[in-house]
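1. the sequence and its predicted three-dimensional model are supplied below.
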Amino acid sequence: MNKKLIIAFRLIVSVTVLVAIMTQLLHGINNNPNFKISNFLSFFTIESNIFGAIAMLISAGFLALNKWSRVLDNFRGAATLFMTITGITYFLLLRGIEDQLQTPIPWVNIVLHYAFPIAILIDWFLSPIARKITFRQTLTWLAFPIAYVTYSLIRGPAAGWYPYPFLDPTTDGGYAKVAIVSIGIAAIALAGAAVLVLNKNVIKKSR
C-alpha cells in the first residue's frame, strides 16, 4: 500500500478516536451530575482506544521518517490485540447497555467499539513489521489485560462501582462468574495473539 496513504489513514483514524473520547468525556462532565472522570478512564474500552490511538500516531511518525522499531512493532501488536478484545467483548457481551458503558453518543460508540477495532486490524495486517514476532513474545501483551482485571476488582469495592457487569462480583454468580468470563476473554486474547503474528509480513532488511 502507498506509504502516504498509510500515514494519512493512521493520522485520520487516531485523531478521530481521540476526538470521540474527548467528546464523550465532555458530554459526561456537562450532562451527568454523577459523572466521574476516574470511572470513565477505568473502562478498558477507553484505555485500549487511547493506547491504540497513540500507537497509530507514533507509527505514522516512524513511517514518515522511514524508521522501523521492534519495540514499536510490539506496541502496535499489543494495541491491536487490546482493540480486538474490546470489539469482540462489546459485540458478544455488552451491546445495548451503552449508557452504562458511558458511550451513549451513537457515533462515539460506533468509533470506539466498531470502527477502530476494524481499522487497527486492517492497519496491522496491511503494514509489515521490522522483525518476526513469536507467539511466546505476544504473551507479554497479556500483562495489561490481566492488570486491568486485577485493578477493577481491587478498585470496585472502594469505589462502589465496576466498569462492566461481568466484572461485578456483587451480582448473580459472584466471583465464579467473573472468573469464568475472564477465562473466556483470556482464551479469545490468546487466540487473537496467535492470529496476529501468524505469517505476519516482515520488511526486507534492505529497507
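-> Here it is on my side, so go on.
2. please read off the pLDDT at Asn34 from the model.
-> Listed pLDDT for Asn34 reads 91.
3. need the three-state assignment for it.
-> State at Asn34, reduced to three classes by DSSP: H, G, I helix; E, B strand; the rest coil: coil.
4. contacting residues around it?
-> Shown in contact with Asn34 (Cβ atoms under 8 Å, 6 or more residues apart in numbering): no residues. (C-beta placed from N, C-alpha, C; glycine too.)
5. Val149 versus the residue nearest to Ile97 when sequence neighbours are not counted, what's the distance?
-> Once flanking residues are discounted, Ile97 sits nearest to Pro165: 7.5 Å by Cβ to Cβ, 6 or more residues apart in numbering. As judged by Cβ to Cβ, to the nearest Å, Pro165 and Val149 stand 14 Å apart.
6. before we move on, the earlier item: mind listing what the residue nearest to Ile97 touches?
-> Pro165 makes contact with Leu93, Leu94, Ile97, Gln100, Thr171, according to Cβ under 8 Å, 6+ apart.
7. surely the last one is within a helix?
-> So the one you mean is Thr171. No. According to three-state DSSP, Thr171 belongs to no helix; its state is coil.
8. quick one, what contacts the nearest residue to Leu112 once chain neighbours are set aside?
-> Excluding the flanking residues, the one nearest Leu112 by Cβ to Cβ, 6+ apart is Asn49, at 5.2 Å. Residues in contact with Asn49 (Cβ under 8 Å, 6+ apart) are Val17, Ala20, Ile21, Met83, Thr86, Leu112, Phe116.
9. wait, is Asn49 part of a strand?
-> No. Asn49 is assigned helix when assessed by three-state DSSP, not a strand.
10. pLDDT weak spots in this structure?
-> Within the chain, the ranges that satisfy pLDDT under 70 run 1, 204-207.
11. neighbours around the residue nearest to Gly28 when sequence neighbours are not counted, how many?
-> For Gly28, ignoring the flanking residues on the chain, the nearest one in space by Cβ to Cβ, 6+ apart is Phe35 at 4.0 Å. Residues near Phe35, counting by other Cβ atoms under 10 Å, number 14.
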